[in-house]
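S.K.: Here is my input, please return the structure:
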Amino acid sequence: MKRGSRVYIILKKDQRTGKRTLGTVKDILTRSSYHPHGIKVRLEDGRVGRVQEIINK
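M.R.: Numbering: from 1, shown residues only. The predicted structure is shown next:
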């Protein structure tokens, strides 16, 4: 995954429901290459969440 990747994330407010949000990665916020709950990213629209699925690399 890199900047510009299309991904589905789960926002903090949606963690209980599991609702996914589609967006394009602007910044990768997690320093490590792995996190048990998903890598935290900021989308181009400013929303922040953890990656659940990468649409394209």
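S.K.: Against residue 26, how distant is residue 17?
M.R.: Per Cβ to Cβ, to the nearest Å, residue 17 is found 24 Å from residue 26. The C-beta positions use only the backbone N, C-alpha and C, and glycine is treated the same way.
S.K.: So these two - more neighbours on which side?
M.R.: Neighbour count, other Cβ atoms under 10 Å: between residue 17 and residue 26, residue 26 has more, with 16 against 9.
S.K.: So the more buried one sits against residue 2, correct?
M.R.: No - using Cβ atoms under 8 Å as the test, residue 26 is too far from residue 2 to be in contact (11.1 Å).
S.K.: The most centrally placed residue in the chain: which element?
M.R.: Nearest to the mean C-alpha position of the chain, by Cα atoms, centre = their mean, lies residue 51 at 3.2 Å. Take DSSP states H and E as the rule and residue 51 turns out to sit in strand 48-54.
S.K.: Give the buried residues for that strand.
M.R.: 49-51 (16 or more other Cβ atoms under 10 Å).
S.K.: so for it, what's the average pLDDT?
M.R.: Computed over strand 48-54, the mean pLDDT rounds to 97.
S.K.: again, but for stretch 24-44
M.R.: Rounded mean pLDDT across stretch 24-44 is 95.
S.K.: How far away from the center of its chain is it?
M.R.: 6 Å (Cα atoms, centre = their mean, to the nearest Å).
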